[in-house]
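Participant: would you be able to build a 3D model of this:
(one chain, ligands or ions: 1)
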Amino acid sequence: MTVRETLLALRGLLVAGGIGRSDLEADRILESVLSRSREFFRIHPEAPCGPDVLPRAAELAGRRIQGEPLAYVLGEAEFFGLPFFVGPGCLVPRPETELLVEAVLSLPGKTGFFADWGTGSGCLLASILKERPDFFGWGVDAEASALAWAGRNLQRHGLTGRSKLVLEPDPTAVPIPPASLDFIVTNPPYIPRSALPGLMREVRDHEPLSALDGGAEGMDLIFLFLRVLPVYLRPGGALLMETGGADQVKRLVGEEFPELIMEGFLRDYGGIPRHVRYRRR
Ligand code: GLN
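Facilitator: Okay, the predicted model is just below:
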């Protein structure tokens, strides 16, 4: 079989399984099986595939059709231009979260101590450390299953010497010295509980609920973090947080947090107010 024939067969399986973007997903699956890029497939459509290639690709397509997120099936997702190992137990990195990295890169200062609260795959932590070789970052998470992914990713990107992972569900009990951090980034769970059943099946049935469920209005962790995390920030330190969007940002604009000054919000690629930015008094 050739690359072209294999891709055709794979697309057929995916279409029959109800996968919408079958061309794209067939490419991604074959890329993963062959360790070759889709550019190679386009330039060499007649390149031969060994007899084991289609069966291996079909197995991955089968998992996808059963509802697993594509990133879990591939075992990998890209974030801020870097590959991250992902799988059950960590949220798949989302493109809008990359805007938090950009916001961090626009902060003044070439050295810094920071924390990524709810680090999950470690994508925020690792991409910030990669961009800023003189930074040191803490990755905090409430779930051991998530931290296992973060640990693998820090290792993969050679960042274990400049980071420390902390497993601690109570944000007031983390062993970070008070007033020591220059900034905190966080993508907390922010989906309102009532909206969880309506999420896409691949998200709802596979990604960790603890990374999604934000309580009744989706803002339990947002409010908790805004109340208790400033203690770890030095005066003037920044807190950058992803939210569920315009309604949540509007709620926050109307709230006072004694230790924080709201400095503004950032819109995502869809133009929706998404990330909020505070400074510690
Ligand atoms: N952006 C994710 C989603 O829409 C939710 C991530 C989160 O709750 N922080 O599925």
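Participant: where do the strands of this structure begin and end?
Facilitator: Counting by DSSP state E, the chain has strands at residues 76-79, 82-85, 112-117, 135-141, 163-167, 181-186, 233-242, 260-267, 273-280.
Participant: want to throw those strands into CSV with mean pLDDT, distance to the ligand and mean neighbour count?
Facilitator: (Glycine included, C-beta is placed from N, CA and C.) Output for these, formatted as CSV (pLDDT from 0 to 100; distance: least, Cβ to the nearest ligand atom, whole Å; neighbours: other Cβ atoms under 10 Å):
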stretch, mean pLDDT, distance to the ligand, mean neighbour count
strand 76-79, 97, 13, 18
strand 82-85, 98, 15, 19
strand 112-117, 97, 11, 24
strand 135-141, 98, 13, 24
strand 163-167, 98, 19, 18
strand 181-186, 98, 9, 24
strand 233-242, 97, 6, 21
strand 260-267, 97, 15, 15
strand 273-280, 97, 9, 21
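Participant: what about those strands, which gets the closest to residue 209?
Facilitator: strand 135-141 (14.2 Å; Cβ to Cβ).
Participant: and the angle for the closest one with strand 112-117?
Facilitator: Angle of strand 135-141 versus strand 112-117, following axes from the mean of the first three to the mean of the last three Cα atoms, to 10 degrees, is 20 degrees.
Participant: from the contact counts, what lies against strand 135-141?
Facilitator: strand 112-117, helix 123-131, helix 144-156, strand 163-167 (3 or more Cβ pairs under 8 Å, 6 or more residues apart in numbering; DSSP states H and E).
Participant: residues making contact with that strand?
Facilitator: Contact with strand 135-141 is made by 111-120, 122, 125, 128-129, 147, 150, 154, 162-168, 171, 174, 176, 181, as judged by Cβ atoms under 8 Å, 6 or more residues apart in numbering.
Participant: any stretches of the protein with poor pLDDT?
Facilitator: Applying pLDDT under 70 to the chain flags no residue at all.
Participant: around the ligand, which positions in it sit nearby?
Facilitator: 94, 187, 188, 189, 190, 191, 203, 212, 242 (Cβ under 6 Å from any ligand atom).
Participant: for the second one, which non-adjacent residue is spatially closest?
Facilitator: To tie it back to what came earlier, the one meant is residue 187. residue 242 (4.2 Å; Cβ to Cβ, 6 or more residues apart in numbering).
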